[in-house]
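K.L.:
Got a predicted structure here, sequence first:
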Amino acid sequence: FVADTPAVAYKVLGLLRKRLAESQKLIPANQWKFLWVEKFPSFEWDEEAKRWNAVHHPFTAPRPEDWPVLRENGDLSKVRARAYDLVLNGTEIGGGSIRIHRSEDQTLIFKLLQIPPETVQLQFGFLLEALEYGAPPHGGFALGLDRFVGLLSGETSIRDVIAFPKTQKGVDLMSNAPSTVSPLQLRELGIKLS
């Protein structure tokens, strides 16, 4: 059905699969099927930039069995993330990951991603320094409550269950955000616009 890069083909075929299942009424009503998705690729090749990028972010730890691959030959194509998503009836309702907690491991990832040392120091120096003091292994998980409520209530769009949804232009009509900031607020924060 689809001939394109794997990323495009996967996305299109996934949408097609869902559309066909809905139109043929192959999705049983009133059933709740949970699924954990794990072993995501950690990195993806950016054909345009001719370099590797972190799929989610460069702080997600690779799976323990993939560290030797990174350390021995730096082959990013074979590395899987210690990341996980919780899916309910085909909709992601939560996700998380285990983070890199050792400074030398984080430095290696930045190097393999070809992030210049000056950029690493400027943007992430604080993190590398903090990791030097011995951060414990750590991670997290966030539940998309709005998506979960949308599924429970049978809504097809989470905009129908969010208390204060933004418009398609990203405007919050309740708080009138984004809006201009008063000179008093700028002074309080020590910010000067030029």
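P.N.:
Noted; the coordinates are in hand.

K.L.:
The most centrally placed residue in the chain: which element?
P.N.:
Relative to the mean C-alpha position of the chain, the nearest C-alpha, by CA atoms, centre = their mean, is the one of His56, at 4.3 Å. Assigned by DSSP states H and E, His56 falls within no helix or strand.

K.L.:
start the count at 18, not 1, going forward
P.N.:
Sure, I'll start counting at 18 from here, so that last one is His73.

K.L.:
correct me, but it touches Ala100?
P.N.:
Yes: in this structure His73 lies within contact range of Ala100 using CB atoms under 8 Å: 6.2 Å. Placement of C-beta: from N, CA and C, glycine included.

K.L.:
Common neighbours of the two, please.
P.N.:
Listed as contacting both His73 and Ala100 by CB atoms under 8 Å, 6 or more residues apart in numbering are 57, 114.

K.L.:
What residues sit buried inside the longest helix anywhere in the chain?
P.N.:
Within the chain, and with DSSP state H defining each element, the longest helix by residue count is helix 23-40. Within helix 23-40, no residue is scored as buried using 16 or more other CB atoms under 10 Å.

K.L.:
Same question for stretch 58-74.
P.N.:
58-60, 69, 71.

K.L.:
repeat for stretch 110-122
P.N.:
Buried, per 16+ other CB under 10 Å, within stretch 110-122: 110-118, 120.

K.L.:
What about the residues you listed, which are in strands?
P.N.:
Members of the buried residues of stretch 110-122 lying in strands (criterion: DSSP state E): 110-115.

K.L.:
Name the nearest of those residues relative to Val86.
P.N.:
The shortest approach to Val86 among those belongs to Ile115, at 17.3 Å (CB to CB).

K.L.:
Leu129 - nearest residue in space that isn't next to it in sequence?
P.N.:
Nearest residue to Leu129 in three dimensions, chain neighbours excluded: Gly91, at 5.1 Å (CB to CB, 6 or more residues apart in numbering).

K.L.:
That neighbour reaches Leu130, doesn't it?
P.N.:
No: the criterion here is CB under 8 Å, and Gly91 misses it with Leu130 at 10.2 Å.

K.L.:
More neighbours: which of the two?
P.N.:
Leu130 (15 against 12; other CB atoms under 10 Å).

K.L.:
give the contact list for the more buried one.
P.N.:
Applying CB under 8 Å, 6+ apart, the residues near Leu130 are 60, 68-71, 75, 93.

K.L.:
ok, it to Phe141 distance?
P.N.:
In this view, Leu130 and Phe141 are 11 Å apart by CB to CB, to the nearest Å.

K.L.:
One more: Ala24?
P.N.:
Here the criterion is CB to CB. By it, Ala24 lies 27 Å from Phe141.
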